[in-house]
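Participant: Pasting a predicted model and its sequence here:
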Amino acid sequence: MKHVTLRQLKVFESVARHLSFSRAAEELHLTQPAVSMQVKQLEEQAGLPLTEMIGKKVYLTEAGEEVARHARLLAQQLREAGEALDAIKGVRGGRLSVGVISTAKYFAPHLLAEFRRRQPGIELRLGVHNRETVVRKLAENEVDLAIMGQPPLEFPTVAEAFADHPLVIIGAPDHPLAQRKKVAPSLLNEETFIIREPGSGTRAAMERYFSDARIAPRQSMELVSDEAIKQAVMAGLGLAFISAHAVSLECEVGRLAILPVTGMPVIRRWFVVHRAEKALLPVAETFRAFLIAEAPVLLSRKG
């Protein structure tokens, strides 16, 4: 692919992201035939089809997935080069892309808002995803930094703890255990738990706690979001092991109760993570330092 152009890769990256020629054309301010022509020329260079139409839907072929991955990496590298040159020239600002796991959505926007207040020239991009997606975006260099509770082991990273992450057990306010001054962990064996899906950081922390405390609840119900779990607990369907950040408002207004279980809360840590080989640009480095220095105080005020 010696004669591939940046324009072709940019066009194809947009098509791959949207899985639509028309939406890519709209994003790039091109006509749809112009987009199709650029993709066709790229396919000629690759010697393989990169997309296929099934019905009215666009799908990437195996070759298309590979080219799209490299196109994303190249676009990111070009952006980083531009921001690095701006920093050398003394230009303030830059663009920062941060990925956070879903539980962190209860506090991350507040931290980003304060950071932007202090650094008004920056452009922020925040993505809230499940842990699997955040790890993938880190691996593919789609985000500069990630906020998560358990750094990935799949590839080398730099992970720095910046704040405590308390995990608690909640119930409906009228649950019998919520009326007690102290709850022995053994009493939880008789309860139904509403739990997160496998792969969730909260689910992994819960399983470690249950193992250490020798707790084996009689039954459980699996849901895929903290919001759904909170609603289920409010409805009296069971208890839940959950981040204290996720339930602060509901507990404050009396819709949920934190059970006074002996040995709780379980304290984990929040980490700011980036790929080990990634050279952080000034805006990302400034945000990383901001989290480590300021987040504990800001989160204590919010809580």
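Facilitator: Done, it's in.
Participant: Output the lowest mean pLDDT helix or strand found in this protein.
Facilitator: Taking mean pLDDT, DSSP states H and E as the measure, the chain has helix 62-88 as its least confident helix or strand, at a mean of 82.
Participant: Direction included, what does the next helix or strand after it pair against?
Facilitator: Where DSSP states H and E defines the elements, the next helix or strand beyond helix 62-88 is strand 94-101. Sheet neighbours of strand 94-101, with direction, are listed as strand 122-129 (parallel), strand 145-148 (parallel) (DSSP bridges).
Participant: Give me the residue ranges of the stretch 51-200 of the chain where confidence is low.
Facilitator: Within the stretch 51-200 of the chain, the stretches with pLDDT under 70 are 86-93.
Participant: Run through the bridge partners of Leu60.
Facilitator: Thr51.
Participant: What are the buried residues along the longest strand seen in the chain?
Facilitator: The strand that spans the most residues within the chain, counting by DSSP state E, is strand 157-171. By neighbour count on 16 or more other Cβ atoms under 10 Å, the buried set for strand 157-171 is Thr157, Val158, Phe162, Ala163, His165, Leu167, Val168, Ile169, Ile170, Gly171. Heads up, the C-betas are built off the backbone N, CA and C, glycines and all.
Participant: Most widely separated two among these?
Facilitator: Val158 and Gly171 (38.6 Å; Cβ to Cβ).
Participant: hmm, back to that, please tabulate the strands paired with strand 94-101 in a markdown table, including the columns distance to Ala34.
Facilitator: Formatted as a markdown table, the strands paired with strand 94-101 follow (distance: least, Cβ to Cβ, whole Å):
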| stretch | distance to Ala34 |
| --- | --- |
| strand 122-129 | 27 |
| strand 145-148 | 36 |
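Participant: Please identify the deepest-packed of the ones you listed.
Facilitator: Among the strands paired with strand 94-101, ranked by average contacts under mean count of other Cβ atoms under 10 Å, first place goes to strand 145-148 (a mean of 25).
Participant: May I have it as CSV, with CA atoms only?
Facilitator: Taking C-alpha atoms only, strand 145-148 is exported to CSV below (Å, rounded to 0.1, in the frame of the first residue of the first chain):
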residue,chain,number,x,y,z
LEU,A,145,-6.3,8.6,29.6
ALA,A,146,-8.7,6.3,31.3
ILE,A,147,-10.3,6.5,34.8
MET,A,148,-11.0,3.0,36.1
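Participant: contact partners of that strand?
Facilitator: In this structure, residues lying in contact with strand 145-148 by Cβ atoms under 8 Å, 6 or more residues apart in numbering are 96-101, 104, 108, 131, 134-135, 137-138, 201, 270-274, 280, 284, 287-288, 291.
Participant: What about those, which are in strands?
Facilitator: Among the contacts of strand 145-148, the members found in strands (DSSP E) are Leu96, Ser97, Val98, Gly99, Val100, Ile101, Trp270, Phe271, Val272, Val273, His274.
Participant: Just put those residues in TSV and tack on distance to Glu227 and neighbour count.
Facilitator: Output for those, formatted as TSV (distance: Cβ to Cβ, whole Å; neighbours: other Cβ atoms under 10 Å):
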residue	distance to Glu227	neighbour count
Leu96	26	23
Ser97	24	20
Val98	21	24
Gly99	19	25
Val100	15	25
Ile101	14	25
Trp270	20	25
Phe271	23	20
Val272	24	25
Val273	24	22
His274	28	21
